[in-house]
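can you look at this prediction? I've put the sequence above it.
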Amino acid sequence: CLGQAGPAELAAALADPSVEERRARVSGMLADGRTGMAAAVRDGVVLCSGQYNPVGSVAEVVGVGTLPAARRQGLALGVTAALVAQALAAGATTVFLSAGDEDVARIYARAGFRRVGTALIAEPPAA
């Protein structure tokens, strides 16, 4: 769904000191090949980004997200396609992802993914 959050809100969020720890962690993962990243950038602002995490010949696409004000422009589809291409070029023979809902699943279907199963999350009963 479209929203109002855009570049100004992104800049404010990035100014939060707690972001630096995550930025350092992701930078380290990129440097040592534990993840790959793609982004859609306009006028120096990241509007959509995501990552893939390789393990042997398998890679998982994770964290694809678009600023609410930039949605419905095909950015997530483009970023997902770029991540898949990177993963395959790096030697992955299987690339998978998990869709959080049916709207997201439709985007991934347009990128060529097909549903092969349903994942469930088990949690212990509340005490």
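Nice, I can see it.

name the strands paired with the longest strand seen in the chain and say parallel or antiparallel.
Across the chain, the strand with the greatest residue count (assigned by DSSP state E) is strand 45-55. Each strand paired with strand 45-55, and its direction, by DSSP bridges: strand 36-42 (antiparallel), strand 58-66 (antiparallel).

identify all contacting residues around the last one.
By CB atoms under 8 Å, 6 or more residues apart in numbering, the residues outside strand 58-66 that reach it are 36, 40, 47-53, 75-76, 79-80, 83-84, 87, 90, 92-98. All C-beta spots, glycine's among them, are computed from the backbone N, C-alpha and C.

check stretch 102-113 too.
For stretch 102-113, with CB under 8 Å, 6+ apart as the criterion, the contacting residues are 76-77, 80-81, 84, 96-97, 99, 115.

G78 - that's part of a strand, no?
No - with DSSP: H, G, I helix; E, B strand; the rest coil as the criterion, G78 is located in helix rather than a strand.

low-confidence ranges, the protein, go.
Low-confidence segments of the chain, defined by pLDDT under 70, span residues 1-3, 5-14.

what's the burial count for G91?
10 (other CB atoms under 10 Å).

same check on A99?
The burial metric for A99, expressed as a neighbour count using other CB under 10 Å, is 16.

which ones are touching it?
Contacts of A99 by CB under 8 Å, 6+ apart are 105, 107-108.

need the buried ones from those selected in PyMOL.
Selecting in PyMOL just the buried members of the contacts of A99, where the criterion is 16 or more other CB atoms under 10 Å, is done with this command:
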select buried, resi 107+108
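
separation between R25 and A59?
Computed with CB to CB, to the nearest Å, the distance linking R25 and A59 is 19 Å.

more neighbours: which of these two?
Taking neighbours as other CB under 10 Å, R25 and A59 compare with A59 leading, 26 against 11.

residue boundaries of the helices in this structure?
7-14, 19-31, 75-89, 102-110 (DSSP state H).

quick one on the thing from earlier: buried ones only from the contacts of stretch 102-113, please, as a ChimeraX command.
Isolation of the buried members of these (16+ other CB under 10 Å) is achieved in ChimeraX through the command below:
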select :76,77,80,84,97,99
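
and S18, which of the strands paired with strand 45-55 is closest to it?
Smallest distance to S18 across the strands paired with strand 45-55 (CB to CB): 17.0 Å, for strand 58-66.
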